[in-house]
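J.: Next one to model:
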Amino acid sequence: MNEMHTTEHDSDTGQTPVSSQSDPQLEQSQASSEALTKTEVDSLLQQLAEEAKKRKKKLQGLRILGICYGVLVVSILILSLVEHTRGMFGVFRLLSFTGIIAGIGAASKVQKEGVRKLAKSPDIRGVGHFIEALDFGDKEIRAEAVDALMGQLPRLKASDSRLLNDDQRAVLYKQLRGKNTKLILAILESLEQIGDAKAIPPVESLAGNAGSESRDSQIAASAKACLPALRLRAEQERASQTLLRPTTNEGAESEILLRPMANAQDTPAEQLLRAANPDSSAS
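T.: Next up, the predicted model:
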């Protein structure tokens, strides 16, 4: 009897007990309220594109700074070894600035927050920014970016290859050397549609790495299935570049063109060819 009363209305409160299970309709309404509109997505994409340009400029400057920094460290180290001075202390002091220099090229707060917001949208135009986020060095952002890519990469078509630039492709191909099996398989599936010639070497490496583990064999099988499409696309790219390539022997062609004679003399008018007069021929 007690068990029966627990399933009925509460006699004291007159209220129906609330189920501990989540309501699917409530979850759906909350998800739809969090989804981004097209206008919001467009604004985020523009903002992230601008931030990506700024970061690229910082990274280019950072590479130059890194070269100069490395030369300085090596110079001080050599000087200290040759002259037996206390230059090692200066080297250690310089090395302490490595973290500061590396932080210059880190992703901005705007980029990180933009990726988080964009992850709420299924719009595949954000795929390039999720790929960039894999290289931010932020574990939380990377996890969100991986989740987004797992849903977007398999949806890409050949016409979507324009969504990725060379830098984003380089980051994407680098993930093929990682340990996330699901992400690697998703990348390989997408490369059948959007891959280019630069994807062939890492994919060939995976195809030839069919180890004893099921993970390796699964990745190798997916890589082998991906290679024919990549090679065909690479061949098409080479053929199109050959057709569009301008001729390099411009000097020879210029010699063939008709030019006026340098020492040409004026020809008398009566010696020039003229059309026949119909009246005179008839007489």
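J.: low-scoring stretches of the stretch 151-283 of the chain, by residue?
T.: 210-212, 244-283 (pLDDT under 70).
J.: One more pass at 90, please.
T.: 208-216, 237-283 (pLDDT under 90).
J.: How about residue 237: what's its closest non-neighbour residue?
T.: Excluding its sequence neighbours, the residue lying closest to residue 237 (C-beta to C-beta, 6 or more residues apart in numbering) is residue 197, at 6.2 Å. (Glycine included, C-beta is placed from N, CA and C.)
J.: residue contacts, the one you found?
T.: Counting by C-beta atoms under 8 Å, 6 or more residues apart in numbering, residue 197 touches 230, 233, 234, 237, 238.
J.: What residues sit buried inside whichever strand or helix holds the second one?
T.: Same thing as residue 233. Per DSSP states H and E: residue 233 is located in helix 214-244. By 16 or more other C-beta atoms under 10 Å, the buried positions in helix 214-244 come out as 219, 220, 222, 223, 224, 226, 227, 230, 233, 234.
J.: quick one: contacts for the first one?
T.: Residue 219 makes contact with 181, 184, 185, 188, 206, 209 under the criterion C-beta under 8 Å, 6+ apart.
J.: and what of the fifth one?
T.: By C-beta under 8 Å, 6+ apart, the residues touching residue 224 are residue 207.
J.: quick one on the thing from earlier: including distance to residue 145, could the buried residues of helix 214-244 go into JSON lines?
T.: Formatted as JSON lines, the buried residues of helix 214-244 follow (distance: C-beta to C-beta, whole Å):
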{"residue": "219", "distance to residue 145": "21"}
{"residue": "220", "distance to residue 145": "26"}
{"residue": "222", "distance to residue 145": "21"}
{"residue": "223", "distance to residue 145": "22"}
{"residue": "224", "distance to residue 145": "27"}
{"residue": "226", "distance to residue 145": "22"}
{"residue": "227", "distance to residue 145": "26"}
{"residue": "230", "distance to residue 145": "24"}
{"residue": "233", "distance to residue 145": "26"}
{"residue": "234", "distance to residue 145": "28"}
